[in-house]
Structures are given as C-alpha cells and as structure tokens.
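Visitor: Got a sequence here, can you build the structure:
(2 chains)
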Amino acid sequence: MTVFMCVLLSFLVICAIAVSFSKNLLNSVLIFMSYSLIMSVIWMLLESPDLAITEAAVGAGITSVLFFVTLNRIHSMFKDASGKKKVKEADGNEEKEKA
Amino acid sequence: MKKKKKLRRLLSWIRESRSDYYENMTIRDDDEEVTAITKQEHKEDVERVKEKVYSDTEGGIFRKYRILYTVLAVVFAVFFSTVLLLTVSELPLTGELDNPANNEVERRYVEKGLEETGATNIVAGMILDYRAFDTLGESHVLFVAAITVTILLRLDKKERDPEDTKITETIGEAEEEDKIFEPHHDAILQKVAMILVPIIILFGIYVILNGHLSPGGGFSGGAIIGAGLILYLNAFGFEKTEKFFNEKVYKTVIFSGLAFYALAKCYAFFCGANGLDSHISKGIPGHIISAGLILPLDIAVGCVVACTMYAFYAMFRKGGL
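Guide: You can find the predicted model right below:
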C-alpha cells in the first residue's frame, strides 16, 4: 500500500508541475482534472470517503466544466473553429471550380 | 410495426445513408457564412495582437520586462517554497499521542457522537450537529459566491440603446455566440445523457438522503445533482431545461433552503457550539429517518449546492438562467 501511495503522490507532483508547463490551455485543464481524480483516490486511502466524493464531484467534475466553458467563451478552442473553417474553404473552392 | 421501423433505421445506418438523427443535427450553424466570417475576423484579430505583443520592434518594452519578470518569478517561487517546506518540517507527525489534535473535543465526538446526534456517519454528526453553525456559514459563502458571479456575468434581457456602448452584449447575443461553438441535437450525446442523467441524479439523491448513515452528505450529493443537470443542459439545450429550472425556481429553492437552515441553527451563535436540545426524536441509529435535524439540513444544503452549481454553469454559458 505504501508503494501505491508513493506512486500516487509522485503522479500528483508530476501533474502539478505539468499544469504550469503545458502551453495549451485545454491540456492544462485536462491535467488539472486528473490531479483532482488522483487526489480523490488519495483521500480514499486516507480513510476520508466524504472528502473523496466531494473532490471527485467538485474538483474533477464541475470545476473542469467551468474551465471548459470559460475557454469556450474566450474562443481558445481554435481547433474547432479552424477545422470548420477549412471545411468551409474547401467547399467554396469546389463551388468555384464547378462554376 | 415498431420493430420494422427500427430494422429499417439500422439498415439505413449500415448503408451509411441519411438517418433520422442526421436531419436533426445542427453542429454547423444555419447561417454558415456569417459565422465563418466572424471566426475569420476573430482569428485575424488574435494574430494581430500576437504580432504587436511579440514583435521585436513594437514589443520592445514587453521584452525588456520579460527578463525582470522571469527573475522575480523564480525568486518568489524559491522563497515561498522554502517557507512552506520549513513549515511542513515543523509540523508534528501524524498519529502521535501528544499532538494538539488529540484533545477532549475529539474524544467526546468519537465516544458520544452516536449517542448525542444519532448519526452513524460521525462526520455528518460533526458538521451538521456539533458544528452546524460552521456549515451555515459555508452554505452562505456559496450563496454569496453565486451572487458575485451573477453580478459579474449577468447580462440584460432587453436590447440596449445603440448609443450606450458600455455593455453591448445582451442575453440574446450571448446565446447566439454560444450557438456557434455548441453542437445542438447531437444524437450520441443525447442518447448517452438519456441513460446517464437519471442514474446520476438518483445517485446524488441517494448520497444526500444517506448523509447521516454513510459517506456523503449535502454538499457532495448536491454537487453530483448539479453535474447531472449540467450534462442534461449540454445534451438538450436551454429550451428544455428552462421548462423545469428557470430563475423563479432557482430563487425559491435557494431562498427556502438557506432560510430553513438559518432558522434551524442560527441560535447557535447565541448559546455556543453545544446547541439546544431540539426535542426531535433521534430515532434508531442506522434508519433513514433518524438523527433528528441532520437529514432535513442535508436536504437543504444539497438543494442550495445543486442550484448554485447549475447557476454557475448557466451564467458562464450565456449570462443568465
């Protein structure tokens, strides 16, 4: 069990460092989410299931969802927008060729 | 008849022809050209800002301060990590007998908790009976946070005057903008949500109602119900959720939850943490209806938390419920 705990704690440290070093904001949020999940497992091992449930629901669930919405609102998910735009351009070119 | 319809649907799906779902799905906006132009403009804006900030000629000031900023950041980070690590090394070891945490308060909670509160989950007995006024403060903190988010993100429903350029975005415009990036009538999401949302909400209700018997309670159960509502909203859109959850429902639920809690426990501020005897029967420990006021208080907190979580999400999405 000690080995498992050590592995989890090292994951925690890795996640915490990776959040700040990730360039993509979306990746940061995903790493933050996994941080909360690992934390909830650690709470479980520390014999406080109350906290584990709350951590999983609030930390991994709702906080990340709010982060996603915020990213969406500030249009940081360029992948989606540019992907659609490319489709649009391709359509336009085809039409031009036809004309 | 129904079977035949399903069979036909399956066959058409295998043949990759258009299905019924496909017709309804509007991942792309109806007004495609406009959104494509706005996206193009937005991308150009971002590129222009990036050029101005990071270019060698125009962004010289920023570059000069960037070195200073890096040095300061490293110094601050090293300083605070040293302070925190030193503090942690001074803390007493976990589980030592003469730790300050091992005093008569903890012994009283562990030994007499079941007898005095009637809750088999000692944590629920602690936070909703012995220290109920702490939880009262906590739920009000959550309420204040919801109000602050409302103040910051709420948008007007009415159209503003064109001359008043301070706040040009109304709730209608925010909804329009929201639609650009959100898929509507997504068949996969709707099917999954149809199966998962009832289970999630039932689990949340279970966690709230068993707060005094097993791990869980008002806050975690409310957060689970809130997550279920958010999933439902994502799958089916605001039109469906507005049927059962509008601003009026939100106000009523939050107000009645907080008012019930405050009326039940506000006397603790005058007579101390031990509280008065509520004269409500403690019941048999282990039964659902037992432990006096803990179960109703759990339900009140759960309602407040679920509504707050959903309201946060709705405010972030379109600036209103």
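Visitor: Please enumerate the helices of chain A.
Guide: For chain A, the helices defined by DSSP state H cover A:2-21, A:25-45, A:49-54, A:63-73, A:78-98.
Visitor: which stretch in those has the least confidence?
Guide: Lowest mean pLDDT within these: helix A:78-98, at a mean of 41.
Visitor: pLDDT at A:Met77, what is it?
Guide: Value for A:Met77, per-residue pLDDT: 44.
Visitor: Which of the helices of chain A has the highest mean neighbour count?
Guide: helix A:49-54 (a mean of 20; mean count of other C-beta atoms under 10 Å in any protein chain shown). All C-beta atoms are positioned from the backbone trio N, CA, C, and that covers glycine.
Visitor: That one near chain B at all?
Guide: Yes: counting by C-beta under 8 Å from any C-beta of the partner chain, chain B is contacted by helix A:49-54 at A:49-50, A:52-54.
Visitor: and B:Pro215, helix, strand or coil?
Guide: What DSSP: H, G, I helix; E, B strand; the rest coil gives for B:Pro215 is coil.
Visitor: Of the helices of chain A, which is nearest B:Glu116?
Guide: Checking the helices of chain A against B:Glu116 by C-beta to C-beta gives helix A:49-54 as the closest, at 19.4 Å.
Visitor: elements contacting the helix or strand harbouring B:Phe236?
Guide: Element membership of B:Phe236 [criterion: DSSP states H and E] is helix B:218-244. Helices and strands touching helix B:218-244, by 3 or more C-beta pairs under 8 Å, 6 or more residues apart in numbering or on different chains; DSSP states H and E, are helix A:49-54, helix B:187-209, helix B:294-318.
Visitor: Distance from that helix to the middle of the chain?
Guide: Here helix B:218-244 shows a centroid-to-chain-centroid distance of 10 Å under the convention C-alpha atoms, centre = their mean, to the nearest Å.
Visitor: mean confidence for that helix?
Guide: What helix B:218-244 shows for mean pLDDT is 85.
Visitor: can you list the domains in chain B?
Guide: Taking automatic domain parsing as the reference, chain B has its domains at B:31-87, B:121-160+B:168-321.
Visitor: Comparing the ones you listed, which comes out most buried?
Guide: With a mean of 18, the top stretch among the domains of chain B by mean neighbour count (mean count of other C-beta under 10 Å) is domain B:121-160+B:168-321.
Visitor: that older thread, of the residues of helix A:49-54 next to chain B, closest to B:Ala291?
Guide: A:Asp50 (15.4 Å).
Visitor: From B:Gly125, how far off is that closest one?
Guide: 12 Å (C-beta to C-beta, to the nearest Å).
Visitor: So which residue is dead centre in chain A?
Guide: By C-alpha atoms, centre = their mean, chain A has its centre lying nearest to A:Leu30, at 1.5 Å.
Visitor: now the helices for chain B?
Guide: For chain B, applying DSSP H gives helices covering B:2-14, B:20-24, B:32-54, B:60-90, B:104-117, B:122-125, B:132-153, B:171-181, B:187-209, B:218-244, B:247-265, B:268-271, B:294-318.
Visitor: now the last one and helix B:104-117, what's the angle there?
Guide: If you take axes from the mean of the first three to the mean of the last three C-alpha atoms, to 10 degrees, helix B:294-318 sits at 110 degrees to helix B:104-117.
Visitor: Quick one: distance of helix B:294-318 to the chain centre.
Guide: Distance, centroid of helix B:294-318 to centroid of chain: 7 Å (C-alpha atoms, centre = their mean).
Visitor: Which one of the residues in the stretch 51-200 of chain B is closest to chain A?
Guide: Going by C-beta to the nearest C-beta, chain A is nearest to B:Val123 of the stretch 51-200 of chain B, at 5.0 Å.
Visitor: Find the residue closest to that residue in space, skipping its chain neighbours.
Guide: Computed as C-beta to C-beta, 6 or more residues apart in numbering or on different chains, the closest residue to B:Val123 that is not its neighbour in sequence is A:Asp50, at 5.0 Å.
Visitor: who's in contact with that neighbour?
Guide: Contacts for A:Asp50 were tallied using C-beta atoms under 8 Å, 6 or more residues apart in numbering or on different chains; they are B:121, B:123, B:215-217, B:220.
Visitor: returning to that earlier point: and the residue nearest to the centre of chain A, how close does it get to B:Arg48?
Guide: Counting by C-beta to C-beta, the gap from A:Leu30 to B:Arg48 is 29 Å.
Visitor: so where's chain B uncertain?
Guide: B:1-2, B:13-37, B:39, B:52-63, B:156-185, B:272-281 (pLDDT under 70).
Visitor: isn't B:Gly113 right up against B:Met126?
Guide: Yes: with contact defined as C-beta atoms under 8 Å, B:Gly113 counts as touching B:Met126 (7.1 Å).
Visitor: coming back round to it: mind listing what the residue of the stretch 51-200 of chain B closest to chain A touches?
Guide: Going by C-beta under 8 Å, 6+ apart, B:Val123 touches A:48, A:50, B:215, B:217.
Visitor: can you pull the contacts of B:Asn102?
Guide: Shown in contact with B:Asn102 (C-beta under 8 Å, 6+ apart): B:Glu96.
Visitor: Now it. Its backbone dihedrals?
Guide: phi -90, psi 90 (degrees, to the nearest 10).
Visitor: Quick check: the residue nearest to A:Ser64 when sequence neighbours are not counted vs A:Gly61, distance?
Guide: Using C-beta to C-beta, 6+ apart and skipping residues adjacent in sequence, the residue nearest A:Ser64 is A:Met33, 4.4 Å away. From A:Met33 across to A:Gly61, the span is 9 Å (C-beta to C-beta).
Visitor: and what of B:Leu258?
Guide: Between B:Leu258 and A:Gly61 the computed distance is 23 Å (C-beta to C-beta).
Visitor: again with B:Tyr130
Guide: According to C-beta to C-beta, B:Tyr130 and A:Gly61 sit 29 Å apart.
Visitor: got it, and B:Lys64?
Guide: B:Lys64 is 43 Å from A:Gly61, by C-beta to C-beta.
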